[in-house]
Every structure is written in C-alpha cells, then in structure tokens.
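Colleague: just the structure for this:
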Amino acid sequence: MKKINLAITGCMGKMGQKLIRSSSLDKNFKLVSLTENRKINKKIKGIKPEFNTINAFKKVDVIIDFTIPKCTLEVLKIAVKQKKRIVIGTTGFTKKQEIIIKNYSKKIPILKAGNMSLGVNLLMYLTEIASKSLGKKFLSKVYEVHHKGKKDYPSGTALMLAEGISIGKNKTFYSMMGKKYLNKKSFPYSKKINFNSIRKGGIVGEHEVKFSSGKEIVTLNHESFDRALYSEGALAAAKWLKNKKPGLYSMRDLLNFK
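Modeller: Numbering: from 1, shown residues only. Sure, this is the predicted structure:
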C-alpha cells in the first residue's frame, strides 16, 4: 500500500505532538507537512512548521486538524480549494460554524468527531439505545472532567453524548440543550440535558451519562488515560477517509455502528 502523505495542523499543541509521535510509528503514513499559527524556528522530524497556506498542503493526501474553530475553518477553506481530505478533532464549534463545515463536505471528504476513541463512540451508541429504551420517564444529564488547560466546555465528547440522548428521544440536539455548569459539586436533572464540566489537574478525560426516573438511576461512563488513543483513532480515520467520496463522516461510519 502506498503511504498516505499526512499534514498535522497545530503541531505544537498536546494533540499535535501526540499525532506526530503516533504517525511516526505507523508505516501507513509519511509525515510531509506541519503547521502552526505562530512562527516556529526549529524542525520537527526533519520538517519545518509553516503557517496554514496553500503551499503547506500542496503534497498532502490527508490533513488532521486538532486546533480551535477559527483555525479549523481557515484550514478547511484551503483544503476545499485543493480538494484535500480532512479529519477534524477540533471541538467548540458554533451552530453557524457547523453549517459551514457541512457545506464544505459537499466538496471534499470530511470526518469530524468530538472524540476519536473507539470506546467513546461505543458509549455514544449505547447512550442512544438507553435513551430510546428508557423513554420519557427518565431525565438525563452529562458530567465530564478534563485537565485544567482545556478551555471549551462542555467538551466535544459531552456534546456528542448529548446528541446521542437527543437521537434516542427523537429530538433535535439544539432543542435538548439545557444549562452548562462549570466546576459544580452537583447539578440537577432536567427535561433538557444539563452539563457539568470539571477542569482540574492533568486528567485526560472522564465522561458520564446518567438517566434517572426518580426511582432508579442508570449510569454509562468512560475514562481515558492516554491521549494516544485519540491520535491512533485519528490516524485510523485518515486511513479510512483516503478512498471516500465527498461527505461529512463520523467515527460511527468508520466503526460501522448501525
């Protein structure tokens, strides 16, 4: 199999660094481009990081982007011009930005996921099933914990899980959005979906979905211990996306969850 020429944006970030290490261990990839939104005066794996430009992605087959929404949209604009495939792990997009991404996907293949972990995507699938099976008598809420450096909240994974609850109840995601709490010891259930985000220490990620009828509680949860599971998942996504037609895909498509 011919190696996939890979670009990693936000190469100096935590996920960027993890992706560089993981891709160097995967024989399916050849790292050809690294980008950052500031000038970097050193080479990484023999590559000098550049700004996000047409030239930076010229020889690339697939771009992997774990940055911030503004940067992701800049990269997408270039990717569309050059017909490049892109894997997006960035979170925190607004509803308007989500629409822009969907429109771009009509022109290029995009795989976008709030979490690249197999376990988390299985959790979302189970959340849908639980939400549908438990029905209207059960209220729900989502709890998540991340390292103190994570700025956006709720996390992209928490929003994914809330979407799973919404799908199970046959409701739209935005109509089910409840209150967003930060660093609260406790938070209430609601007819909508409330969130509590904890930011502390160096925790990679913990997510929990709770369903309560007032008489019993059903809990689904997932814990992450190593960011390599996200970078390895992103590489699996890039490999899968290589031969796909334009469209907006998710890890669920890759994993073939029905």
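
Colleague: each with direction, which strands does the helix or strand harbouring H222 pair with?
Modeller: Under the criterion DSSP states H and E, the helix or strand holding H222 is strand 217-224. Strand partners for strand 217-224, identified by DSSP bridges, are recorded as strand 205-212 (antiparallel).

Colleague: for T67, what are its contacts?
Modeller: Taking Cβ atoms under 8 Å, 6 or more residues apart in numbering as the definition of contact, the neighbours of T67 are T9, G10, G13, N37, V75, T90. For glycine as for every other residue, the C-beta is placed from the backbone atoms N, C-alpha and C.

Colleague: among those residues, who's most crowded?
Modeller: Across the contacts of T67, neighbour numbers were computed from other Cβ atoms under 10 Å; T9 holds the maximum, 29 neighbours.

Colleague: L73 belongs to a helix?
Modeller: Yes. With the criterion set as DSSP: H, G, I helix; E, B strand; the rest coil, the secondary structure at L73 is a helix.

Colleague: can you tell me what sits against the helix or strand containing G119?
Modeller: When elements are assigned from DSSP H and E, G119 belongs to helix 118-134. Counting by Cβ under 8 Å, 6+ apart, helix 118-134 makes contact with 113, 115, 138, 140, 157, 160-161, 163-170, 207, 209, 211, 213, 218, 220-222, 224, 229, 233, 250-252, 255, 257, all of which sit outside it.

Colleague: can you flag the buried ones in the residues you listed?
Modeller: Among the contacts of helix 118-134, those buried by neighbour count (16 or more other Cβ atoms under 10 Å) are 113, 115, 138, 140, 157, 160-161, 163-169, 207, 209, 211, 220, 222, 224, 229, 233, 250-252.

Colleague: which of those residues fall within helices?
Modeller: Secondary structure defined by DSSP state H assigns 157, 160-161, 163-168, 229, 233, 251-252 of the buried ones among the contacts of helix 118-134 to helices.

Colleague: and of these, the nearest to F29?
Modeller: Minimum distance to F29 across those is 14.0 Å, recorded for G233 (Cβ to Cβ).

Colleague: ok, that closest one touching G114?
Modeller: No. In this structure, G233 is not within contact of G114 by Cβ atoms under 8 Å, at 11.7 Å.

Colleague: run through the bridge partners of L31.
Modeller: Each beta-bridge partner of L31 is listed here, defined by DSSP bridges: L6.

Colleague: relative to W240, how far out is S231?
Modeller: Between S231 and W240 the distance is 15 Å, computed by Cβ to Cβ, to the nearest Å.

Colleague: which ones are touching K141?
Modeller: For K141, the residues meeting the contact criterion (Cβ under 8 Å, 6+ apart) are G178, F187, P188, Y189, S190, I193, N194, F195, N196, V209, K210.
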